[in-house]
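A.B. asks: Predicted model, plus sequence, below.
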Amino acid sequence: MTRNVGGLDRVARIVLGLALLAGYAFNSDGAYSWLYLLGIVPLATGVIGWCPPYSLFGINTCSIRK
């Protein structure tokens, strides 16, 4: 697994994931509150730095250091 998520993309994923999980924490008894748990996906891909669909389509937002 080589990193394919970098910089701003990574920060945006972490912020989005945390925001969705916070939404679940504050509204856990709503009808569709379980959808907030989908925030785990962008949070995990942001922390790990690897996104499976990016690999599948050949997208890379991570800058290469030489």
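C.D. replies: Alright, I've got the coordinates.

A.B. asks: Just confirm residue 2 contacts residue 51, I think it does.
C.D. replies: No: counting by Cβ atoms under 8 Å, residue 2 stays clear of residue 51, with 11.3 Å between them. C-beta: built from backbone N, CA, C; applies to glycine.

A.B. asks: Comparing those two, which residue is more hemmed in?
C.D. replies: residue 51 (23 against 9; other Cβ atoms under 10 Å).

A.B. asks: Please look at that one and residue 6 and confirm they touch.
C.D. replies: No: applying Cβ under 8 Å, one finds residue 51 not in contact with residue 6, separated by 10.5 Å.

A.B. asks: Contacts only, for the most centrally placed residue in the chain.
C.D. replies: Centroid-nearest residue in the chain, with Cα atoms, centre = their mean: residue 42, separated by 1.5 Å. Counting by Cβ atoms under 8 Å, 6 or more residues apart in numbering, residue 42 touches 13, 14, 16, 17, 20.

A.B. asks: Closest one of these to residue 30?
C.D. replies: residue 20 (13.0 Å; Cβ to Cβ).

A.B. asks: host element of the closest one?
C.D. replies: helix 7-26 (DSSP states H and E).

A.B. asks: Report the angle between the helix or strand that that helix is followed by and helix 7-26.
C.D. replies: The C-terminal neighbour of helix 7-26 among helices and strands, as given by DSSP H and E, is helix 40-48. Orientation check (axes from the mean of the first three to the mean of the last three Cα atoms, to 10 degrees): helix 40-48 against helix 7-26 gives 140 degrees.
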